[in-house]
Structures are given as C-alpha cells and as structure tokens.
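K.L.:
let me see the structure of the following:
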Amino acid sequence: MRVHFIAIGGSAMHNLALALNSKGYQVTGSDDQIFEPSLSRLEKVGILPKEMGWFPEHITPDLEAIILGMHARKDNPELLKAQELGLKIYSYPEYIYEQSKDKKRVVIGGSHGKTSITSMILHVLNHKKIPFDYLVGAQLDGFERMVQLSDAPLIILEGDEYLSSPIDLTPKFLWYQPHVALLSGIAWDHINVFPTFELYKKQFQLFAETIMPGGSLVYFSGDNYLNAITSGNLKEINKLPYHTPEHYIADEKTHLTAENQDIPLQIFGNHNLQNIEGARLVCQEIGISTADFYEAIQTFKGAAKRLELIGNKEKTTVYKDFAHSPSKLRATVGAVKNQYQNRKVVALMELHTFSSLNSEFLAQYSGSMQDADHAIVYYNPKTIAHKKLDPISIENVKEAFSQDDLTIYTDSIQLQADLLKMDWNNSVLLLMTSGNFDGVNLNEFGETILKLI
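P.N.:
Next up is the predicted model:
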C-alpha cells in the first residue's frame, strides 16, 4: 500500500504516518517545515522528506491514498496534482475511519477533558493487557506513538470537533460513527471556525446522532447543554450520565470512596474526578469490571501537559498544563487551589490561540482565574498581529477577566525575571499554555524556580 502525506510534520499526521509505516505500508510525505519531535521521529524510521517544500512530481498515479493535513492550503501544488490525477484524497480522520470500520469504535468528545479521558481508558486497557488500537492527542507514558493501527478488534479515538482538512470542513469526530461515545461538556471554542456558540453546540448534537444504533452515549450530567442533547430525539442508544464521584483530600492527596474502598489517586481536581467516572462507564461498556477499573486507575499519572508535575521540592511545586480556554482555565486553577489549600497558588496563563486573542471572545474568561492567590496573564501583541486579529490592550484583558488584582505581561523576558524574584516557599506555580510563552522551556524554567528554594 503506497500512501503519501501532504503536511506530514503535524502532530497527528506524523503519528499516523509512523503507525502506517509500522504496519508495513510504503509511506512518503512532504511539508514546508517540520519541527521536533516530529522531525527526529520521522527520520528514525526513514520517512522524513529529503528536503522541505512541495513537489507535485512526487504525486504519481500509483499512489493508493493521499492523506491531507490541516496545515496544507487549498492551492497546495501537491494537492492540485492529486486532484488532477483523480487520486483518492483523505483527511486523517476519514482515513482513521477507513482503517477502523470493521472494529468496535469508542470515541471521546467534548470541549475539555478528551485527552485525559482517552488516556485513562488506554491506561486501563493496557493494564488489563487487552489488545486495542487508538488515537490520542498527547504522548503517553508506556505508548510509543499517539496512533496505533493493527488487527485489534477495538479502537479508542479522541474525537476532536475541529475541521478535518482544508478541503473537508467536516468536524473530525463526525467521521468516526462510534459504538460507544462520551461527551465531557460543551464550552465555546474555535471561534475562527464556529463564530457563534449556537453553531459550535450544533456539532455535538450532530456527533450524538452519529452513534451507531444500539450504541451508548456516556455524558456529564452537570452540563446543561449535554442534558438538552440527551433529552432530545436520540433513538436506539443507551444514555449513561455521570457526575463527580465521592472523594476526599488528605495530606494533599485525593482519594475516591467507591465500592466500599478507599482508592488513592495520583491525579486530582473535580474535572479529573469527573473524567475518571466517565472513563469508568466507557470501560464498563467494553467489558471491564468496576473493580478492575479502580485497580488500574490508581497508577494513572495523567496525560502529558495535563496538570503534569514538573517538580516538587519541600513545600514548593510546579505544574504545567495545556489549559487555555476559559472552561479549562477555571477547572485547572480551581483544582490546584483545592488540592493545595494551605499554599499560595500562582497561576500563569498565556493567551495564545486564535479564540483567546480574539477581542470578541475575551469576555468568556470572566472569573476564570479567581481561585488563584496570584493570577498572571501573558500575551504577545506580535502574535495578535501575526494572526491578523484586532489589537487588544492590557485594559481590555483586565476588564475581560473581571479580576482587579490580575497581573498582565506582554514581555516574556520581563515576566521570567519577575517570577525568579518571587518568594516561592510554600507555593505552587501553575504554567498554563498551548504555546510556550514565546520560547520558554517550561520544564527548565520550573526546575530553575525549584533551585531557588
């Protein structure tokens, strides 16, 4: 099987390329720029493009599939050549479905928690040595890649609501047609694609309607939008609501109380407790007992960049998190403060995504960092200009967050210098971004903070 990737360097794209290469396919690809870790990983297995750029002469009639990444443009020379030759062109979610249409498909969707819930399910399946394939949005401990395709009868898919490709404007999760689905909650995001909340919500209704007859929908009952969807006309599926399970915190460690057991966890926060309960119900639907689930989940340390511990020294702790949308910010900051009630929590977030830097969207952040003892927001005006958005001022940000004591920076160097001057005794630093604060190595910076103690 000869498969060519246009824009092979993307996170999901290069992992799918690696998975197909491992399966024995003849994989080629192209891109105009490839960064680490994609570059080294592709090079290691011999499928890194020999030079960067687009080469329509590489698109030949003997290619059995073209997989088109979101990074490519509609006028990409290789794409135009593939269309001219009449080759079969897939988006990566469409191709994932092609590879899994004979499997039992489990799809995890929602505006937040997708990666964490998917990771929990993979961890439990791995613990029980059950064969499965998967697609997940982060690199996980114990897993070589973010995508695996084999002859396993089961596949677990993280279902993203973003668009599939430049020529396929279908939200990715609408391709998968799950037998078991989960929705964690709905909070407006991707304003560049879904300019109104009504349009954004509609995608989750459509997703619920793609569940196979006789299938199951696991959903968070604390979300009014999901309750509206599940109370509607969804025929021939089982509806399984979940909520925050019983738990307690002792000595800065969270424990579940279930099945007459005390179950210590390595993760924390109400959002993660809800994620665990949703994952438990999904696992129940694919034949894993509650007892086996709780045994396995005790060793789950979390997904990369999801309240990931950078380091801990005496009474000083540093975490990094992917949180950038208002709902994720609110949940993550609240989780850390609730876990470390007797410490000062310094929460730092970067406005980095298209939505977060949009002046019309900013008001969604109102109160999202109020649980922090010291809340800091960073953004780079040059990033706003690069994304061709209207400028936003420090005053705009302060007003949007509705927090008088909010500190705002637009200079990354000054931000780092001021953080290094702070007293970090009996404190938690929470670094939240989908970027890197303009070139900061978060692990190294966190370790530098800990050396000050």
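
K.L.:
could you measure from the closest residue in space to residue 209 that isn't next to it in sequence over to residue 106?
P.N.:
Of all residues not flanking residue 209 in the chain, residue 234 sits nearest, at 6.9 Å (CB to CB, 6 or more residues apart in numbering). Heads up, the C-betas are built off the backbone N, CA and C, glycines and all. In this view, residue 234 and residue 106 are 17 Å apart by CB to CB, to the nearest Å.

K.L.:
out of the two, which sits in the more crowded spot?
P.N.:
Ranked by neighbour count (other CB atoms under 10 Å), residue 234 and residue 106 place residue 106 first, with 28 against 15.

K.L.:
host element of that one?
P.N.:
Assigned by DSSP states H and E, residue 106 belongs to strand 104-109.

K.L.:
please name the residues that touch the residue nearest to residue 209.
P.N.:
Residue 234 is in contact with 208, 209, 211, 217, counting by CB atoms under 8 Å, 6 or more residues apart in numbering.

K.L.:
so how far is residue 405 from the third one?
P.N.:
Read that as residue 211. Taken as CB to CB, the span from residue 211 to residue 405 is 46 Å.

K.L.:
cool, and the second one?
P.N.:
Here the criterion is CB to CB. By it, residue 209 lies 45 Å from residue 405.

K.L.:
which one's more surrounded, these two?
P.N.:
residue 209 (14 against 11).

K.L.:
next structured bit after the worst-scoring helix or strand of the chain on mean pLDDT?
P.N.:
For the chain, scoring each helix and strand by mean pLDDT, DSSP states H and E identifies helix 381-386 as the least confident one, at a mean of 92. Using DSSP H and E, the helix or strand that follows helix 381-386 in sequence is helix 394-401.

K.L.:
pull out the buried positions in that next one.
P.N.:
397, 398, 400, 401 (16 or more other CB atoms under 10 Å).

K.L.:
now that helix: average pLDDT?
P.N.:
On average, the pLDDT along helix 394-401 is 96.

K.L.:
what pairs with the next helix or strand after that helix, parallel or antiparallel?
P.N.:
For helix 394-401, the following helix or strand on the C-terminal side (DSSP H and E) is strand 407-409. Neighbouring strands of strand 407-409 in its sheet, by DSSP bridges, are strand 374-378 (parallel).

K.L.:
which other residues reach the strand it pairs with?
P.N.:
Contacts for strand 374-378 (CB under 8 Å, 6+ apart): 333, 344-351, 369, 397, 401, 403, 405-410, 412, 415, 437.

K.L.:
check stretch 404-419 too.
P.N.:
348, 369, 374-381, 394, 397-398, 429, 437-440, 445, 449.

K.L.:
select only the buried ones of those in ChimeraX?
P.N.:
Only the buried entries of the contacts of stretch 404-419 go into this ChimeraX selection, using 16+ other CB under 10 Å:
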select :348,369,374,375,376,377,378,379,380,397,398,429,437,438,440,445,449
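
K.L.:
can you tell me the element residue 296 falls in?
P.N.:
helix 290-297.

K.L.:
tally of neighbours for the nearest residue to residue 294 once chain neighbours are set aside?
P.N.:
Counting by CB to CB, 6+ apart, residue 263 is the residue found nearest to residue 294 once chain neighbours are left out, at 5.2 Å. As a burial measure, residue 263 scores 18 neighbours (other CB under 10 Å).

K.L.:
against residue 251, how distant is residue 263?
P.N.:
Relative to residue 251, and taking CB to CB, residue 263 is found at 15 Å.

K.L.:
one more: residue 156?
P.N.:
Residue 156 is 34 Å from residue 251, by CB to CB.

K.L.:
give me the contacts around the least confident helix or strand of the chain.
P.N.:
352, 357, 390, 391, 392, 410.

K.L.:
let's go with 6 Å and repeat that
P.N.:
357, 410 (CB atoms under 6 Å, 6 or more residues apart in numbering).

K.L.:
any idea how far it is from the chain center?
P.N.:
24 Å (CA atoms, centre = their mean, to the nearest Å).

K.L.:
check which residues of that helix are buried.
P.N.:
By 16+ other CB under 10 Å, the buried positions in helix 381-386 come out as 383, 384.

K.L.:
check stretch 18-25 too.
P.N.:
Neighbour count says stretch 18-25 has 18, 19, 20, 21, 22, 25 buried, by 16+ other CB under 10 Å.

K.L.:
determine the longest helix present in this protein.
P.N.:
helix 270-285 (DSSP state H).
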